[in-house]
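Q: prediction below, plus the sequence it came from.
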Amino acid sequence: MNLIAPWVREILRCPVTGAELVDGVGPDGEPELHSTDKERPLAYPVREGIPVLLESDARPL
């Protein structure tokens, strides 16, 4: 599932909390980025290999 280049992965952060993002899989089996924030973990969709880092598209983990 490693669709995002490693150098991009290193600079991506949760736009809400600033936490690091890691690869994950959503309930529908689609790729997501999961925030590592302990207090407000969020999941962001990855659509066609592009992370959608919008709070309105995020779901709580």
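A: That came through fine. Numbering: from 1, shown residues only.
Q: so for the worst-scoring helix or strand of the chain on mean pLDDT, what gets flagged as buried?
A: Counting by mean pLDDT, DSSP states H and E, the chain has its least confident helix or strand at helix 6-11, which shows a mean of 83. For helix 6-11, burial by neighbour count (16 or more other C-beta atoms under 10 Å) applies to residue 9. Placement of C-beta: from N, CA and C, glycine included.
Q: could I get it in PDB with only the CA atoms?
A: Output of helix 6-11 as PDB, limited to C-alpha atoms (Å, rounded to 0.1, in the frame of the first residue of the first chain):
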ATOM      1  CA  PRO A   6       9.000   8.300   1.500                       C
ATOM      2  CA  TRP A   7      10.200  11.900   1.300                       C
ATOM      3  CA  VAL A   8       6.600  13.100   1.100                       C
ATOM      4  CA  ARG A   9       5.600  10.800   4.000                       C
ATOM      5  CA  GLU A  10       8.200  12.500   6.200                       C
ATOM      6  CA  ILE A  11       6.800  16.000   5.700                       C
END
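Q: residues contacting that helix, please?
A: residue 21 (C-beta atoms under 8 Å, 6 or more residues apart in numbering).
Q: any idea which helix or strand comes after that helix?
A: Per DSSP states H and E, the first helix or strand lying C-terminal to helix 6-11 is strand 21-25.
Q: tell me the strands beside that following strand, with direction?
A: Looking at strand 21-25 with DSSP bridges, its partner strands are strand 31-35 (antiparallel).
Q: give me the distance from the partner strand to the chain's centre.
A: In terms of C-alpha atoms, centre = their mean, to the nearest Å, the centre of strand 31-35 is set 3 Å apart from its chain centre.
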